[in-house]
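Peer 1: Fold the following and give me the result.
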Amino acid sequence: MKRGGILHAGLSGALARLGHTDQVVVADCGLPIPEGPELIDLAFRFGVPSFLEVVDGLLAEAVFESALVAGEVDDGNPEIAKALVERVGEPKRVQHEELKSLVAQSRLVIRTGEATPYANVILRCGVPF
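Peer 2: Got it, this is the predicted structure:
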């Protein structure tokens with residue numbers, strides 16, 4: 001058994017298969033998820049697990065070089081916007097509709113139980129060297 005970190009076998013394995021420039025989406029429970037990307041559905045009930053719990057777990061286990069969010073998050077969910085800036089620096093912003101269309105180009109989507117607006121981020125994998 002692992003000593004710590006992400007214990008979910010599917011998620012842990014999916015993270016190990018990622019490479020530089022692959023994109024990972026952390027999504028609220030309402031984001032439409034297209035066919036294509038691998039889906040790890042962690043949603044148990046509204047709010048569980050939270051968006052930020054999942055983001056924090058990922059940041060502790062993997063290297064990400066950039067982040068992309070919907071510009072609407074600033075007004076629609078300022079707590080999430082502020083928390084993301086604190087964790088990943090200033091993310092690039094696009095319109096929510098564009099963000100939704102970019103999900104199909106991602107390698108992995110992690111669905112959370114988050115039930116607040118615009119709690120979605122696309123993280124681009126980096127390298128530790």
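
Peer 1: And the strands in this protein?
Peer 2: Using DSSP state E, the strands assigned to the chain run over residues 23-27, 38-41, 64-70, 92-94, 108-111, 121-125.

Peer 1: Go ahead and flag the most central residue of the protein.
Peer 2: Val26 (1.9 Å; Cα atoms, centre = their mean).

Peer 1: gap between that one and Gly5?
Peer 2: According to Cβ to Cβ, to the nearest Å, Val26 and Gly5 sit 16 Å apart. C-beta here means a position set from N, CA and C on the backbone, and glycine is covered the same way.

Peer 1: and if you look at Ala14?
Peer 2: Distance from Ala14 to Gly5, by Cβ to Cβ: 14 Å.

Peer 1: Ser50 now?
Peer 2: Counting by Cβ to Cβ, the gap between Ser50 and Gly5 amounts to 18 Å.

Peer 1: Among these two, which residue is more densely surrounded?
Peer 2: Ranked by neighbour count (other Cβ atoms under 10 Å), Ser50 and Gly5 place Ser50 first, with 17 against 10.

Peer 1: so what's that one closest to, chain neighbours aside?
Peer 2: Glu114 (5.7 Å; Cβ to Cβ, 6 or more residues apart in numbering).

Peer 1: my guess is the one you found meets Glu53, correct?
Peer 2: No: assessed by Cβ atoms under 8 Å, Glu114 is found out of contact with Glu53, at 9.0 Å.

Peer 1: hmm, back to that, near the residue nearest to Ser50, how many other residues are there?
Peer 2: 29.

Peer 1: Many thanks, have a good one.
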